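Student: Everything below, folded, please.
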Amino acid sequence: MARVPVAALDRMLNRTPNRNRRRGGKPPALELAVRPRPWLSALGLTTVVLIGAWLGLLIVGNVRAPVGPMNTTMALRPSLTGGTKINISPLGALTLDSHVAPVRLDVNVDQLDPLRSQALVDHPERLSGLQDEVTDDVEHGTLDLAVRSCVAVVTGATALGLAVYRRPRRALAAGGLALALLAASGASAYATWNPKSVLEPKFSGLLSSAPSVVGNARSIVTEFDVYQKELARLVTNVTKLYDVTSTLPAYQPDPSTIRVLHVSDIHLNPASWKIIASLVKQYRVNVIVDSGDTMDHGAAAENGFLDPIGDLGAPYVWVRGNHDSRTTQRYLERIKNVHVLDDGRAETVGGLRFAGMGDPQFTPDRSAVPGGDKAEELAGDRLASALRDQRAAGTPADVAIAHEPAAARETDGEVPLVLCGHLHHQGTEMLKYGTRLRMEGSTGGSGLRAVERQYPAPIEASILYFDRDSKRLQAWDAIKLGGLGLTTAEVSRHLADENGIGASQGPTPSGTLSGTPSGTRSGTPSGPASRRAP
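Tutor: As a prediction, this is how the structure comes out:
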């Protein structure tokens, strides 16, 4: 038998321990136990990238750019919904649904350049060229912002990756991942970009009380159909706002526009009368339409609550809700300038012909009755029949009014627009045969029920703009005020789609409506409303 040298045998027996010692002396089983899991490593890297990119944008991701006569600061900020926010200090802010992406474009109006603004005041003819100037300024500003943002996110993620991992390869991987995420966000924003979002801004702060900042309904309908023109208009109006310092410009009503204030579900809230009177004065309202539930229990003892209606400054068109009794209706019929509509009766008020139907059910205790939705549908059928009779007689109604959405839907195809309430939230829906259903929220903030939920119900109303010649809806402003104890205010403008009314209903509006987004911020009711008594 051949003899194996002792030294060779020793090397064979100790080969594995020597390898383990070169790796740090850990046995294979222990080494597997302490090896980091891949998903934890990926999660840690992603966290480093997001924090680093955000810090980079926050520190160096801003661009100062002139836009027309204003000096602005543009920046990208992380966001769950995207969009654009224009801060106009100290007047408030405008929010636009411009895109859907995990980044939001913030534009801060820092100050008005006195020389450039004075030049516009002295030479108003230069406003005609402001559109091109604003377009060029925005293009240059966004291009600079894109470049700076790329540098900011890569630098921030790389620097934080180097600080955390202390390995150049890991740091470069973090920077590359940050750049890829920004590129993906940019692609999402580009794919979902909505150039018409400026046509439906949401105002907050003092701007919510300045409807003229976006012009009247006729000027919006007939003058602006592209994003650049609306930007120029926005810049021009902001220039005017700054020119008068903190004094907001008075609203200049369009003589060809009929303005209707739609309120509903006041539910004995005395604050509603002051709000309505203020809106009537501010918007130069021609007609007030109340789609019911003005009272809470419909008792005769509540009738004194209705007395301020005669001093609101505009005719008051009213239909009965399920909290309004016949006693309530008879009391209102005796108040000057109040037009009570029931059983499909129609009246011409403020240049528009209204037809209405009172709620067939009286449920002041919020109970359900055996009639349910069937009773509402039958009432809607009677209203639809009255509308057909009026059209056959040559006096078609322009607007129908019912309290319940279930009754309002039965008028589809018989009238261009039907107004309702009852559900305590705003909504808009185009019905199958071309009738637009507009549902109002609670102008009384749900009355005493405002405190039943965690947050107080908002106070809601709408200003509807009608063409005086065609009697068709052009646009509406959805107004939302903070509920009990809150001081917030929002105004959202919405344009009516030019194809939204069926051709069988008569001539189309004289002003064409272009570029209306397919959706609105308002909630859209879907399907028949279930019978309940808010």
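
Student: what's the burial count for Ala392?
Tutor: When neighbours are counted by other C-beta atoms under 10 Å, Ala392 registers 9. To be clear about C-beta, it is placed using only N, CA and C from the backbone, and glycine gets the same treatment.

Student: for Asn62, that is, sorry about that
Tutor: 18.

Student: element containing the spatially closest residue to it that is not a sequence neighbour?
Tutor: The spatial neighbour of Asn62 that comes closest, neighbours along the chain excluded (C-beta to C-beta, 6 or more residues apart in numbering), is Ala75 at 4.6 Å. In this assignment (DSSP states H and E), Ala75 forms part of strand 70-78.

Student: and that strand, average pLDDT?
Tutor: On average, the pLDDT along strand 70-78 is 83.

Student: for that strand, which positions count as buried?
Tutor: For strand 70-78, burial by neighbour count (16 or more other C-beta atoms under 10 Å) applies to Met70, Asn71, Thr72, Thr73, Met74, Ala75, Leu76.

Student: Quickly list what the residue nearest to Asn62 is bridged to.
Tutor: Asn62, Asp106 (DSSP bridges).

Student: Now do the contacts for it.
Tutor: Leu57, Gly61, Asn62, Val63, Leu105, Asp106, Asn108, Leu145 (C-beta atoms under 8 Å, 6 or more residues apart in numbering).

Student: any idea how far Ala393 is from the fifth one?
Tutor: Distance of Leu105 to Ala393, given as C-beta to C-beta, to the nearest Å: 55 Å.

Student: More neighbours: which of those two?
Tutor: Between Leu105 and Ala393, Leu105 has the larger neighbour count (other C-beta under 10 Å), namely 21 against 9.

Student: Just the buried positions in the longest helix along the chain, please.
Tutor: If you go by DSSP state H, the chain has its longest helix at helix 130-165. Neighbour-count burial for helix 130-165, counted by 16+ other C-beta under 10 Å, picks out 130-131, 133-135, 137-138, 141, 145, 148-150, 152-162, 164-165.

Student: Following element in sequence after that helix, please.
Tutor: Elements were assigned by DSSP H and E; along the chain past helix 130-165, the next helix or strand is helix 168-191.

Student: Let me know the angle separating that next one from strand 70-78.
Tutor: 120 degrees (axes from the mean of the first three to the mean of the last three C-alpha atoms, to 10 degrees).

Student: Of all the residues in helix 168-191, which ones are buried?
Tutor: Under 16+ other C-beta under 10 Å, the buried positions of helix 168-191 are 170-171, 173-175, 177-179, 181-182, 185-186, 188-189.

Student: and Val415, how far is that from Ala496?
Tutor: Separation of Val415 from Ala496 (C-beta to C-beta): 15 Å.

Student: just Ala178 next, same as before
Tutor: Ala178 sits 44 Å away from Ala496, going by C-beta to C-beta.

Student: where does the stretch 51-200 of the chain have low pLDDT?
Tutor: Low-confidence segments of the stretch 51-200 of the chain, defined by pLDDT under 70: 89-91, 112, 114, 116-132, 134-135, 198-199.

Student: let's go with 50 and repeat that
Tutor: Along the stretch 51-200 of the chain, no part satisfies pLDDT under 50.

Student: For this protein, which segments count as helices?
Tutor: For the chain, the helices defined by DSSP H occupy 6-13, 15-22, 28-34, 38-60, 114-122, 130-165, 168-191, 217-223, 227-243, 271-283, 326-333, 372-392, 405-409.

Student: Tabulate the contacts of Ala75 (a markdown table), appending distance to Ala300.
Tutor: Shown next, in a markdown table, are the contacts of Ala75 (distance: C-beta to C-beta, whole Å):
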| residue | distance to Ala300 |
| --- | --- |
| Leu57 | 64 |
| Gly61 | 65 |
| Asn62 | 64 |
| Val63 | 66 |
| Leu105 | 57 |
| Asp106 | 56 |
| Asn108 | 56 |
| Leu145 | 65 |
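
Student: phi, psi of the residue nearest to Gly292 when sequence neighbours are not counted?
Tutor: Residue nearest to Gly292 in three dimensions, not counting chain neighbours: Gly321, with 2.6 Å by C-beta to C-beta, 6+ apart. Backbone torsions for Gly321, taken as degrees, to the nearest 10, come to phi -100, psi 180.
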